[in-house]
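>>> just the structure for this:
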Amino acid sequence: MIYGIYGMECLLLFLAGIEDIRKKKIHILTIFAMGVTALLGCMLRQDYGWYGALGGFLIGICVIGISIISGEQIGRGDGMVIAALGILCGVRNTLGIVCFASLFMLMPALVLVICKKGNKKTKLPFLPALFLGYLVNILLGGMA
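Below is the predicted model of the structure:
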């Protein structure tokens, strides 16, 4: 059952990534669906308790705070999605997902800077990288 929840969250994250690429926004219903799915998954997981879910959620809240402080250099929607993933995945897995996503974002950012097509104000969609980070985390057995 939990693998079905992981799959549903993966599908929602994939769709949110497409939406982020196309519109540079994430619909609130998508975030809501991810949150509900994450809460269901959290109730089914046996390997960590509510403290792990709360810690993962707080990582997303920190990203939202950074978004507010930085003037939306990081999108609030990204923070909300990370908060939802944090509920499902727990603290350690959420940190791993965000680290992998950051590494995946490094590649296109370097290409844009080297080709002089972007600068520090260039906005790139983060959810596709978050989707890849989620997949890598699953493939490495982080949420088994």
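
>>> so which bits of stretch 6-18 are buried?
Using 16 or more other C-beta atoms under 10 Å as the test for burial, stretch 6-18 gives 6, 8-9, 12-13, 15-17. In short, each C-beta sits where N, CA and C put it, glycine included.

>>> where in the protein is pLDDT low?
Within the chain, the segments meeting pLDDT under 70 span 143-144.

>>> helices of the protein, start to end?
In the chain, the helices defined using DSSP state H lie at 2-23, 28-44, 50-69, 76-114, 127-139.

>>> may I see these organised as a markdown table, with distance to K121 added?
Shown next, in a markdown table, are the helices of the chain (distance: least, C-beta to C-beta, whole Å):
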| stretch | distance to K121 |
| --- | --- |
| helix 2-23 | 18 |
| helix 28-44 | 25 |
| helix 50-69 | 15 |
| helix 76-114 | 11 |
| helix 127-139 | 19 |
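
>>> so who does K24 touch?
Neighbour list for K24: 123, 125 [criterion: C-beta atoms under 8 Å, 6 or more residues apart in numbering].

>>> from G17, how far off is it?
12 Å (C-beta to C-beta, to the nearest Å).

>>> could you tell me which residues touch both of those two?
Among the neighbours of K24, those also in contact with G17 (C-beta under 8 Å, 6+ apart) are P125.

>>> dump the residue contacts of the closest residue to L44 other than its chain neighbours.
Excluding the flanking residues, the one nearest L44 by C-beta to C-beta, 6 or more residues apart in numbering is I2, at 4.8 Å. Going by C-beta under 8 Å, 6+ apart, I2 touches 41, 44-45.

>>> next up, the contacts around the residue nearest the centre of the chain.
What sits nearest the mean C-alpha location of the chain, by C-alpha atoms, centre = their mean, is I82, with 4.0 Å. Contacts for I82 (C-beta under 8 Å, 6+ apart) come out as 59-60, 63, 94, 97-98, 130.
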